[in-house]
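Colleague: just the structure for this:
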Amino acid sequence: MAVLRINGHTVPVELDTLRVETVEVGATNKAYDGSTLNLRYGFKRRISFTTTPLSEMEAFALEGLVHGQGEYWSFDGNSTVEYLYSSRGTGPLSSTGNAQEGSSVKFSKSLDPGTTLLYPSNVVTGLTDLTVSAWVSDATSSPSGDKYIFYSDQGGNTVALSRGNGANNVNFTTVNSAGTHSLTKTTAWTGVGNFHMITAVLRINPETGENCKELYYNGSSAASESNTTTSRIPDLSSSSFDVGVGNDGDGGGQFPGYIDDLIIVPYAATSDIVSAWYAMGKAMSPLPKVYVDGDVIPDDTLTSLFFGSVRGSNYLLYAASSNNKRKLSITLEEV
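Modeller: Numbers count the residues shown, from 1 in each chain. As a prediction, the model looks like this:
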């Protein structure tokens, strides 16, 4: 196993900086006879380390991963007060036809077809980078009209994940005032009950050699675009976005399949992170908490939850590249 993983992603650690400590938590008091009374006493782990040099995109993505940034919906709660809310407590502004499915699921439960949700604009407002990922299942028969897994729009600035009109595909579409651009994965749907992880990554200001849009299917890149003009990058600064899940934000284009384990995070996930999410074999951690495992935690696989922080970073000039690199100093505290 890797030395250290966060939510399945193998973190590039400089081994001579890695430190694992046992931290005492709780409180102590003195009794009248002078003896020590231990109250709520226990032990937690603290892990600290520095990464190897990272590109700007890798550093931003790892920072977001460590901090547990973004929103995560498992759709697993026991009532609408629970299952329509993210792990951070973000609930829908409106919901219609909402129902859970206990049979056609990727993990515990999923959203039934016809569930129409509208979430607050702050889920995407002000973001410069964005990753949307969900496990979805649908029939091979082609629907009439575009059907939306995720749709965010304000004033002609749009980010959408959809199944195309009359097609067995999935589209990652962006729109701005100059036009529309889509990335497509064909032969995407293999029948109800067969779940696929669909991931859309948007990076607004990529460095040389990086993509500004990438569509992943089951953890592997299916289509990408590096030209920022061609990609029709939307302006996400508005505070009035419609953010629809399972529909086009206005109740139309209802997705006919099942949606499970939705995450929306404010960073452009790298290919390594996306493939790690796919290979994790379990649902995402309840953000902002993250799963930590590896050689640093013996006999434990994706069950220990931590809060993460980035204490700082060092910038390095690489002679072989015109782009600077960064080494992050990271601390993980067991929950």
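Colleague: and the helices in the stretch 201-335 of the chain, which stretches?
Modeller: 271-279 (DSSP state H, counting those that start in this stretch).
Colleague: the stretch 1-150 of the chain: strands as residue ranges?
Modeller: 5-6, 9-10, 19-30, 36-50, 71-73, 94-96, 100-101, 110-111, 116-119, 129-137, 147-154 (DSSP state E, counting those that start in this stretch).
Colleague: bridging residues for Gln51?
Modeller: Not quite, residue 51 is Thr, not Gln. Beta-bridge pairing of Thr51 under DSSP bridges involves Val13.
Colleague: now it: how far from Pro266?
Modeller: 20 Å (Cβ to Cβ, to the nearest Å). Any C-beta I mention is one placed from the backbone N, CA and C, and that applies to glycine too.
Colleague: more neighbours, these two?
Modeller: The residue with more neighbours, out of Thr51 and Pro266, is Thr51; 22 against 19, by other Cβ atoms under 10 Å.
Colleague: show me what contacts the more buried one?
Modeller: Thr51 is in contact with Val11, Pro12, Val13, Glu14, Leu62, Lys327, Leu328, Ile330, counting by Cβ atoms under 8 Å, 6 or more residues apart in numbering.
Colleague: give me the buried entries from these.
Modeller: Neighbour counting over the contacts of Thr51 (16 or more other Cβ atoms under 10 Å) leaves Val11, Pro12, Val13, Leu62, Lys327, Leu328, Ile330 as the buried ones.
Colleague: thought the fourth one was touching Lys327?
Modeller: Right, Leu62. No: with contact defined as Cβ atoms under 8 Å, Leu62 and Lys327 do not form a contacting pair (10.8 Å).
Colleague: so for those two, which residues contact both of them?
Modeller: Thr51, Leu54.
Colleague: nearest to Arg46, of the buried ones among the contacts of Thr51?
Modeller: Ile330 (11.3 Å; Cβ to Cβ).
Colleague: any idea how far that closest one is from Val265?
Modeller: 17 Å.
Colleague: quick check: longest helix of the chain.
Modeller: The helix that spans the most residues within the chain, counting by DSSP state H, is helix 56-67.
Colleague: need the strands for the stretch 151-300 of the chain, in chain order.
Modeller: Counting by DSSP E, counting those that start in this stretch, the strands of the stretch 151-300 of the chain are 157-163, 169-176, 179-186, 196-203, 213-217, 220-225, 242-245, 258-265, 290-293.
Colleague: closest one to Thr96 among those strands?
Modeller: Going by Cβ to Cβ, the one of these nearest Thr96 is strand 242-245, 11.3 Å.
Colleague: now do the contacts for Leu15.
Modeller: Here Leu15 is in contact with Val3 (criterion: Cβ under 8 Å, 6+ apart).
Colleague: what's the distance between it and Thr52?
Modeller: 10 Å.
Colleague: now do the contacts for Ala268.
Modeller: Met57, Phe60, Ala61, Asp129, Leu130, Thr131, Val201, Leu202, Arg203.
Colleague: what does the model give it for pLDDT?
Modeller: pLDDT recorded at Ala268 is 97.
Colleague: please apply the same query to Ser141.
Modeller: pLDDT, Ser141: 90.
Colleague: if I look at it, how far off is Val192?
Modeller: 10 Å.
Colleague: next one: Val136
Modeller: For Val136, the distance to Val192 - Cβ to Cβ - is 11 Å.
Colleague: which residues are in contact with each of those two?
Modeller: Going by Cβ under 8 Å, 6+ apart, residues that sit against Val136 and also against Val192 are Gly257, Tyr258.
Colleague: neighbour-wise, which of these two wins?
Modeller: Under the neighbour definition other Cβ under 10 Å, Val136 and Val192 were set side by side, and Val136 has more, 27 against 16.
Colleague: wait, that one sits on Leu262?
Modeller: No: applying Cβ under 8 Å, one finds Val136 not in contact with Leu262, separated by 9.2 Å.
Colleague: and the longest helix of the chain, how far from the chain's centre?
Modeller: Computed by Cα atoms, centre = their mean, to the nearest Å, the chain-centroid distance of helix 56-67 equals 12 Å.
Colleague: what does it rub up against?
Modeller: Residues outside helix 56-67 that contact it (Cβ under 8 Å, 6+ apart): 6-7, 9, 11, 51, 54, 70, 129, 203, 206-207, 210, 265-270, 273, 288, 290, 308-310, 313, 323-326, 328, 330, 332.
Colleague: try 7 Å
Modeller: With Cβ atoms under 7 Å, 6 or more residues apart in numbering as the test, helix 56-67 has contacts from 6-7, 9, 11, 51, 54, 129, 203, 207, 210, 265-270, 273, 288, 308-310, 313, 323, 326, 328, 330.
Colleague: for ChimeraX, what selects the buried ones among those residues?
Modeller: In ChimeraX, a selection of the buried entries from these looks like this (16+ other Cβ under 10 Å):
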select :6,7,9,11,51,54,129,203,210,265,266,267,268,269,270,273,308,310,313,326,328,330
